[in-house]
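Build me a structure from this.
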Amino acid sequence: MNERLRLEIWEEYNGMCANGCGRAAAEVDHIKPKSQGGANDRSNYRPLCTPCHRQKRSNIWRNPEPPQEPPRWGGL
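Below you'll find the predicted structure:
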């Protein structure tokens, strides 16, 4: 990732963690990890603070498969 793209991502979130925890971002995260087929493109990046990024990484190692989306029941 080049510095220009990193700066664009930071500015989009005003330097704050994309998880909404209220902390300043410290790292750019792959939303879908490369190890799970995530792309190296703008749509797969977001800024995270160190605690949120650490938590995400630990959850990935414990739960390598992403959770399945629950079924949607329409018209109820």
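
Could you report the pLDDT at the residue nearest the centre of the chain?
For the chain, the residue nearest the mean C-alpha position is I31 (3.4 Å; C-alpha atoms, centre = their mean). With respect to pLDDT, I31 has a value of 91.

ok, it touching N44?
Yes - I31 is in contact with N44 according to C-beta atoms under 8 Å; the separation is 5.1 Å. All C-beta atoms are positioned from the backbone trio N, CA, C, and that covers glycine.

Spell out which residues are contacts of both of these two.
Residues within reach of I31 and of N44 at once, by C-beta atoms under 8 Å, 6 or more residues apart in numbering, are G38.

got the buried residues for stretch 9-18?
By 16 or more other C-beta atoms under 10 Å, the buried positions in stretch 9-18 come out as 9, 16-18.

What helices and strands are in contact with the helix or strand bottoming out on mean pLDDT in the chain?
Least confident helix or strand, the chain: helix 50-62 with a mean of 79, by mean pLDDT, DSSP states H and E. In terms of contacts (3 or more C-beta pairs under 8 Å, 6 or more residues apart in numbering; DSSP states H and E), helix 50-62 is packed against strand 27-30.

Can you tell me the strand partners of the strand it packs on and which way each runs?
Within its sheet, strand 27-30 is paired with strand 45-48 (antiparallel), according to DSSP bridges.

CA-only coordinates of the partner strand in PDB, if you can.
This file holds the C-alpha atoms of strand 45-48, laid out as PDB (Å, rounded to 0.1, in the frame of the first residue of the first chain):
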ATOM      1  CA  TYR A  45      -8.900  -1.500   3.800                       C
ATOM      2  CA  ARG A  46     -10.000   0.300   6.900                       C
ATOM      3  CA  PRO A  47      -8.100   2.100   9.800                       C
ATOM      4  CA  LEU A  48      -8.200   0.400  13.200                       C
END
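
Going by neighbour count, list what's buried in it.
The neighbour-count check on strand 45-48 (16+ other C-beta under 10 Å) flags 45-48 as buried.
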